[in-house]
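Trainee: Okay, predicted coordinates and the sequence, questions at the end:
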Amino acid sequence: MLDRILILSVFIVASCGLAYELIAGALASYLLGDSVLQYSSIIGAYLFAMGIGSHLSRYVRDEDVLNRFIDIELLVGLIGGISATLLFIVFAWLSAPFRGVLYALVLIIGTLVGMEIPLVMRVLNARHAEFRDMVARVLTFDYLGALAVSLLFPLVLAPKLGLARTAFVFGLLNVGIALFTAHIFRAQIRGLRGLWLRGMVSIVVLTAGFFTADRLTLWAEQGLFGDQIVHARTTPYQRIVITRWQDDLRLYLNGNLQFSSRDEHRYHEALVHPAAESLPAARSALVLGGGDGLALRELLRYPQIERITLVDLDAEMTTLFAESAALTALNGGALRDPRVRIVNADAAQWLEESREVFDLVIVDLPDPSNFALGKLYSVPMYRQIARHMAEGGYLAVQATSPWFAPNAYWCVVATLKEAGFNTWPYHAHVPSFGEWGFVLAAKHMRFTPPQSYRVPTRFLDADTTRAMFSFPADMQVPEVEPNRLNNQALVHYFERDWARVIR
C-alpha cells in the first residue's frame, strides 16, 4: 500500500515539475516574445538543472532520504508556487534583472525537481521492491504525470486560472505531497513538528497567493503599462490587457501595443480604404486577424459590401470586442453587424480548408515577432490567400514599420512578389507607432491611388493618399530575401531590426 502511495506521488510530482517549466516558458514568451527561443532555452536550462539535481541526490544519506524528499517538496512548492507572480513583479518594476531572475528560478526549481525521482526510487528500493519493476513503475507514472499536465496546462489551467494562480495550485500540490508523505511515514521522520510547521506556513503563503494572484498581477502590470488597467485576461493564445488614460483606450497583446484609440483611425483607414475604394463593385471581403473589429468598422462603411468573413484565432478576443460597451463604441458594433461572420480558427488552416472566394482581403495580423506568426507572412500563406481572391480583387497587408524595421517590411513585399502578386508598398504616420508600413497587392497590374473617398474619413484625402505611396530617400529598399517556411527570414529580420531600435 505504501509503495502505491509513493508511486502515485511520482505522478503528482512529475506534473508539478513540468508545470513550472511550462509556466516559465509561457511567461517568458508573453513578456519577451520569440516563443521558440524562450521555450528552447528554458527547457535546456531546466533539463540541465535536473541533471545536476539527480547527481546531488547521491550525496543524501540513506537515513535522511525521507526527510530530504519532504524538504525538497516543500521548497519546490514554495519557490515554484510564487515563481510566476515574482517574475511578473520583477519584469514590471525591475526589468533589467528579469532574465537573471528567470533563469535562476529555472535552475533552482530544476535542480530540486531533479532530486525528487532518485530519492523516491531509493525509498522504494529500501522497501525491497524489485529493481526492474520499480524503475518501470516510477518512470511510467513520471511520464503519465508529464502528459497530464502538458494537456491540462494549455487547455484548462492557463486560460481558466492564469499563469500566476496555476503556479500557486501546483505549489500547493507539492506541499500536499510533502505533508502526506510525512503523515504516512511519520514513524521514520525526524523533526516532525518542525516539518509540519514549515508545511503549514507554506500552505498559508501559497493559499494567500492564490487568492490575491489577480491583484498582484494587475499591480505588476500597472507598473509595466503605466495607465489604469481596465481589462486583463490570459487566453489559450495570448495575454490581453486594455488600459485607459483619460479618453485613450489602448490594447496590448503579450505586452505589445496594438492600438491607441486616439490615433487608431489613421492605421485602419490606411489599411482598408486604398484597396476598398479601388473596388467599387466589391461584394465580399475577408479579414484575417483584426479581432478588435476596427478594420471591420472601416469596411462596413461601404454599403455595396454584402458579406465579410473575419478569421481570428482567439474567441475571447472577438467576444470581448463584441460585448464590452467601451470597445463596441470604438468599433461601432462591427462584430455584431449582420453582414459579418466571425470564424475563430487559425488563419492558415482555415484558408486551406475553405473554398470561398472574396473580392477584397485585409490581413491585420500581429507583427511577425515569432515563428508561429512568421508563417502567416510566408510565401505558402500568400499563395493560399491568392486562391481565395477574385481575379480583379485586392489584398492589403499590415507589414510593420519601414522606418524602424526596414528589412522586415521589405521582406513582406518580397514575399508577396515571390507568391505571384504585383505590389504597391505604402506607409502612413501613426503617432503611437511612428511610421508604419502596408502593402497593397493584386494578381493584376491595375492600381492607381484613390483621389477621393466615397465614405467619410478622418485622416485620408487625395494629398495624404498620394504621399503614402511615395517613399523618401532615407526609406529606400534594402536587399532582402522572401520569407519561406524553411528559414523564416522575416522573423530574423524583424528581431534584428527592432533590437537595433531598442538599443
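Mentor: All right, it came through fine.
Trainee: Retrieve the pLDDT associated with Met389.
Mentor: The predicted local confidence for Met389 comes out at a pLDDT of 96.
Trainee: Now for it, how many residues are close by?
Mentor: The local packing of Met389 (other C-beta atoms under 10 Å) involves 20 other residues. Every C-beta, even on glycine, is put in place using the N, C-alpha and C of the backbone.
Trainee: Can you tell me how far it is from Val357?
Mentor: When distances are taken as C-beta to C-beta, to the nearest Å, Met389 and Val357 turn out to be 7 Å apart.
Trainee: just checking, next helix/strand downstream of whichever strand or helix holds Ile308?
Mentor: Secondary-structure assignment from DSSP states H and E places Ile308 in strand 307-311. Where DSSP H and E defines the elements, the next helix or strand beyond strand 307-311 is helix 315-323.
Trainee: counting contacts, what elements does that next one pack onto?
Mentor: The criterion is 3 or more C-beta pairs under 8 Å, 6 or more residues apart in numbering; DSSP states H and E, and the helices and strands that helix 315-323 contacts are strand 228-234, strand 239-245, helix 325-331.
Trainee: what does the helix or strand just after the second one rub up against?
Mentor: Of the helices and strands lying after strand 239-245 in sequence (DSSP H and E), the nearest is strand 248-253. Contacting residues not belonging to strand 248-253 are listed as 225, 227, 230, 238-244, 257-262, 292, 326-327, 330, 366, 432 [C-beta atoms under 8 Å, 6 or more residues apart in numbering].
Trainee: Low-confidence ranges, the stretch 51-200 of the chain, go.
Mentor: Across the stretch 51-200 of the chain, the ranges flagged by pLDDT under 70 are 94-96, 124-139, 141.
Trainee: could I get the helices and strands packed on helix 315-323 as a markdown table with mean neighbour count and distance to Pro449?
Mentor: Conversion of those to a markdown table gives the following (neighbours: other C-beta atoms under 10 Å; distance: least, C-beta to C-beta, whole Å):
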| stretch | mean neighbour count | distance to Pro449 |
| --- | --- | --- |
| strand 228-234 | 16 | 38 |
| strand 239-245 | 20 | 34 |
| helix 325-331 | 16 | 26 |
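Trainee: Please enumerate the strands of this structure.
Mentor: Remark: strands assigned in the chain by DSSP state E are 228-234, 239-245, 248-253, 256-260, 284-289, 307-311, 340-343, 358-364, 389-398, 422-430, 434-442.
Trainee: would you turn those strands into a markdown table with distance to Leu460?
Mentor: Listed next are the strands of the chain as a markdown table, based on distance: least, C-beta to C-beta, whole Å:
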| stretch | distance to Leu460 |
| --- | --- |
| strand 228-234 | 30 |
| strand 239-245 | 27 |
| strand 248-253 | 22 |
| strand 256-260 | 17 |
| strand 284-289 | 18 |
| strand 307-311 | 20 |
| strand 340-343 | 23 |
| strand 358-364 | 15 |
| strand 389-398 | 13 |
| strand 422-430 | 9 |
| strand 434-442 | 12 |
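Trainee: Among those strands, which one carries the weakest average confidence?
Mentor: When the strands of the chain are compared on mean pLDDT, strand 228-234 scores lowest, with a mean of 82.
Trainee: Which one of the strands of the chain lies nearest to Thr207?
Mentor: Each of those was scored for nearness to Thr207 using C-beta to C-beta, and the closest is strand 228-234 (20.7 Å).
Trainee: Now do that closest one against helix 315-323: the angle between them, please.
Mentor: Put simply, strand 228-234 runs at 140 degrees to helix 315-323, going by axes from the mean of the first three to the mean of the last three C-alpha atoms, to 10 degrees.
Trainee: could I get strand 228-234 in PDB with only the CA atoms?
Mentor: Output in PDB follows, covering the C-alpha atoms of strand 228-234 (Å, rounded to 0.1, in the frame of the first residue of the first chain):
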ATOM      1  CA  GLN A 228      -5.100  52.200 -15.500                       C
ATOM      2  CA  ILE A 229      -5.800  48.600 -16.500                       C
ATOM      3  CA  VAL A 230      -9.500  48.200 -17.200                       C
ATOM      4  CA  HIS A 231      -9.300  44.600 -18.500                       C
ATOM      5  CA  ALA A 232      -6.700  41.800 -18.300                       C
ATOM      6  CA  ARG A 233      -7.100  38.300 -19.400                       C
ATOM      7  CA  THR A 234      -4.900  35.300 -20.300                       C
END
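Trainee: What is that strand packed up against?
Mentor: Contacting strand 228-234 under the criterion 3+ C-beta pairs under 8 Å, 6+ apart are the following elements: helix 158-184, helix 192-225, strand 239-245, helix 315-323.
Trainee: rerun that using 6 Å as the cut-off
Mentor: Here strand 228-234 is seen to pack against helix 192-225, strand 239-245 when contacts are counted using 3 or more C-beta pairs under 6 Å, 6 or more residues apart in numbering; DSSP states H and E.
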